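Novice: the sequence isn't on hand, but the structure is:
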């Protein structure tokens, strides 16, 4: 991939992420901040998920019809961007390992999105307690994987700048 295409992919990733953030419900009754299942860093339980769904009920359509479709694009864009960045900056073996982790992270993100969609389709909270607990675990795992990927990318970038 040439530099122009790589910069365009980075720009597209940032634009889709920003669009998701701006389209997310802005008020969720103090249940948590920011107002998105995907953005929650700490684990949550079934009652908190139900409280959140009740709080965003007036803007649930935004989550279902704007945020979720954008979140079908974002994991793939981020994965491709990270893989290309690692291919450019890391030794071949390390790039391969980090690339595999980026693919795994995208898979976790897609599974998380599917479980979130199952909860959004039942805003009355008529879903088993296991559903939000599994979703929360996947969200936490996603953030941990992203932390590892971005720390690795920062280290590679820092090493390259020193040279």
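Specialist: Right, received. Where do you want to start? Here the structure is a predicted model, which is why all the values come from computation and not from measurement.

Novice: for the least confident helix or strand in the chain by mean pLDDT, which residues meet the burial criterion?
Specialist: In the chain, no helix or strand scores lower on mean pLDDT, DSSP states H and E than helix 60-62, which sits at a mean of 86. Of all the residues in helix 60-62, those buried under the rule 16 or more other Cβ atoms under 10 Å are residue 62. Glycine gets a C-beta too; all of them are placed from N, C-alpha and C.

Novice: next SSE after that helix?
Specialist: Once the chain leaves helix 60-62, the next helix or strand it forms, by DSSP states H and E, is helix 68-89.

Novice: who does that next one touch, helix- and strand-wise?
Specialist: Contacts defined by 3 or more Cβ pairs under 8 Å, 6 or more residues apart in numbering; DSSP states H and E place helix 68-89 against helix 3-23, helix 92-120, helix 130-162.

Novice: what does that helix contact?
Specialist: 1, 6, 9-10, 12-13, 16-17, 19-20, 23, 38, 94-95, 98-99, 102-103, 105-106, 109-110, 113, 116-117, 120, 149, 152-153, 156-157, 160 (Cβ atoms under 8 Å, 6 or more residues apart in numbering).

Novice: filter those down to the buried ones.
Specialist: By 16+ other Cβ under 10 Å, these give 6, 9, 12-13, 16-17, 20, 23, 38, 95, 98-99, 102-103, 105-106, 109, 113, 116, 120, 149, 152-153, 156 as buried.

Novice: thinking again about what came up before, and of the helices and strands packed on helix 68-89, who's closest to residue 44?
Specialist: Smallest distance to residue 44 across the helices and strands packed on helix 68-89 (Cβ to Cβ): 4.9 Å, for helix 130-162.

Novice: in that closest one, what counts as buried?
Specialist: 131-133, 135-136, 138-143, 145-146, 149, 152-153, 156.

Novice: export the helices and strands packed on helix 68-89 as JSON lines, with columns for mean pLDDT and distance to residue 59.
Specialist: Listed next are the helices and strands packed on helix 68-89 as JSON lines, based on pLDDT from 0 to 100; distance: least, Cβ to Cβ, whole Å:
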{"stretch": "helix 3-23", "mean pLDDT": "93", "distance to residue 59": "9"}
{"stretch": "helix 92-120", "mean pLDDT": "96", "distance to residue 59": "11"}
{"stretch": "helix 130-162", "mean pLDDT": "93", "distance to residue 59": "19"}
